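Visitor: 3D, please:
(one chain, ligands or ions: 1)
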Amino acid sequence: MRIVLVGPPGAGKGTQATRLADKLRVPHISTGDLFRANISQQTELGKLAKSYMDAGNLVPDEVTIAMAKDRMEQPDAENGFLLDGFPRNVSQAEALDELLKTEGIKLDAVLDLEVPEEEVVKRIAGRRICRNDSAHVFHVTYSPAKKEGVCDVCGGELYQRDDDSEDTVRTRLEVYHTQTEPIIDYYKSQGLVVTISSLGPVGEVTQRALEALKREDDGK
Ligand code: AMP
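Guide: Reported below is the predicted structural model:
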């Protein structure tokens, strides 16, 4: 399956993407994670991306599209992928369509995770992520680590993302509404959008997503 995941920051895209990719046996491709890996390896791309990310803005399309394309062309993505955080505006969606067209493939669904805005701010402000693996995500109130600051899964150090501060979250939400939300209409016109609520326990949301994707798949 080839799936795009959309939703505001804090909708649980990363958490759900990891779980869904595992169940659907496709690689989880997160442009945010790819940028963060470049930042920690101090590459030129990482240096460029960091200034945009820290401000809560989008990294320019040209470098983002090239990086996403390069990742999607890796052998593990040949039979499917789950895109998390890409595309993030209409021109990226158009570039993705072009790329898929040249390969003669299509998206199966665009999964839209809905969450109320006040919940988003609460979720992000308390979010803590493991330095070893960004799939290990905790929340100081909702899902605290057994030992503060230490990952339950691997013992790694938990930290707050630089762009998870309240001010930056407001900018990211604004960017989401003005630039990313329009891709939902773009994909609606292609009949690809499946919307689910992202409220409730993590496992229930995953189940909801799998059922919605299955219905979509059966309906085709
Ligand atoms: P995420 O981990 O998906 O929340 O992304 C973190 C940050 O990385 C975003 O706020 C952007 O600055 C940058 N980023 C991730 N994906 C993209 C994209 N597709 N286009 C532009 N910037 C992106």
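
Visitor: interface residues of this protein facing the ligand?
Guide: Listed as neighbours of the ligand in the chain under the rule CB under 6 Å from any ligand atom: 9, 31-32, 35, 52-53, 56-59, 64, 85-86, 88, 92, 163, 172. For glycine as for every other residue, the C-beta is placed from the backbone atoms N, C-alpha and C.

Visitor: so which residues of the protein form strands?
Guide: 2-6, 28-30, 81-84, 109-114, 127-130, 137-139, 158-159, 193-197 (DSSP state E).

Visitor: list the helices and strands the third one packs on?
Guide: Using 3 or more CB pairs under 8 Å, 6 or more residues apart in numbering; DSSP states H and E as the contact definition, the elements that strand 81-84 packs against are strand 2-6, helix 13-24, strand 28-30, helix 31-40, helix 61-72.

Visitor: just the buried residues out of the residues of the chain next to the ligand, in ChimeraX syntax.
Guide: Listed next is the ChimeraX selection for buried residues among those, using 16 or more other CB atoms under 10 Å:
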select :9,31,32,35,52,53,56,57,58,59,64,85,86,88,92,163,172
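
Visitor: turn the strands of the chain into CSV, columns for mean neighbour count and mean pLDDT.
Guide: Below are those laid out as CSV (neighbours: other CB atoms under 10 Å; pLDDT from 0 to 100):
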stretch, mean neighbour count, mean pLDDT
strand 2-6, 24, 98
strand 28-30, 22, 97
strand 81-84, 24, 98
strand 109-114, 22, 97
strand 127-130, 21, 93
strand 137-139, 18, 92
strand 158-159, 17, 96
strand 193-197, 17, 97
